[in-house]
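Student: let's see this in three dimensions:
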Amino acid sequence: MNIEYKETKDFTEKEVEQLFLSVHWLSGRYPSRLIKALKGSSLVITAWDGDKLVGLLRGIDDGEMVAFLHYLLVHPAYQGMDIATHLLDRAKEKYQSFLYLNIMPDESRNVSFYERHGFSLLADGAAMQIRHL
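Tutor: This next block holds a predicted model:
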């Protein structure tokens, strides 16, 4: 299997919806809003198996100092193939000159993955959120 990685926003609403719903992410239920958010993001790196979108990473940044990686997801049928690692490595390279590269894993079970890739938990940090659903 040959996975192709692209720094592109050339995907359809349906492709994004299918990927997000494949991992049961709430964002997938709002495909028109999700596509607008992705197209307006600073960085989107995608993983493709032929014409099938199988992975995606989204970055939001201020252009100089701080970048946030908000989405990193891989279709379940493609998990365990290092696709997430390749997406993350590309983002780390893109943001290597920034002072901070932040990630806020939504699930604590993913913390060890990010630690293996150089991220560390903030000693006094706590993720916070307001949901408008």
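Student: A84 contacts V74, correct?
Tutor: Yes: using C-beta atoms under 8 Å, A84 makes contact with V74 at a distance of 5.2 Å. Just so you know, the C-beta spots here come from the backbone N, C-alpha and C atoms, and that holds for glycine as well.
Student: more neighbours: those two, which one.
Tutor: In terms of neighbours (other C-beta atoms under 10 Å), V74 is the more surrounded of A84 and V74; the figures are 24 against 21.
Student: residues contacting that one?
Tutor: V74 makes contacts with 23, 47, 54-55, 81, 83-84, 87, as judged by C-beta atoms under 8 Å, 6 or more residues apart in numbering.
Student: inside helices: which ones of these?
Tutor: Members of the contacts of V74 lying in helices (criterion: DSSP state H): 83-84, 87.
Student: what is the nearest of the contacts of V74 to G40?
Tutor: L87 (19.2 Å; C-beta to C-beta).
Student: name the nearest residue to the closest one, ignoring sequence neighbours.
Tutor: Distance criterion C-beta to C-beta, 6 or more residues apart in numbering; nearest residue to L87, sequence neighbours excluded, is L57 at 4.1 Å.
Student: so the residue in the chain sticking out farthest from the centre is in which element?
Tutor: The C-alpha centroid of the chain is most remote from D124, which lies 24.4 Å away (C-alpha atoms, centre = their mean). Here D124, judged by DSSP states H and E, is contained in no helix and no strand.
Student: for the protein, just list every one of the helices.
Tutor: 13-22, 31-39, 83-94, 111-116.
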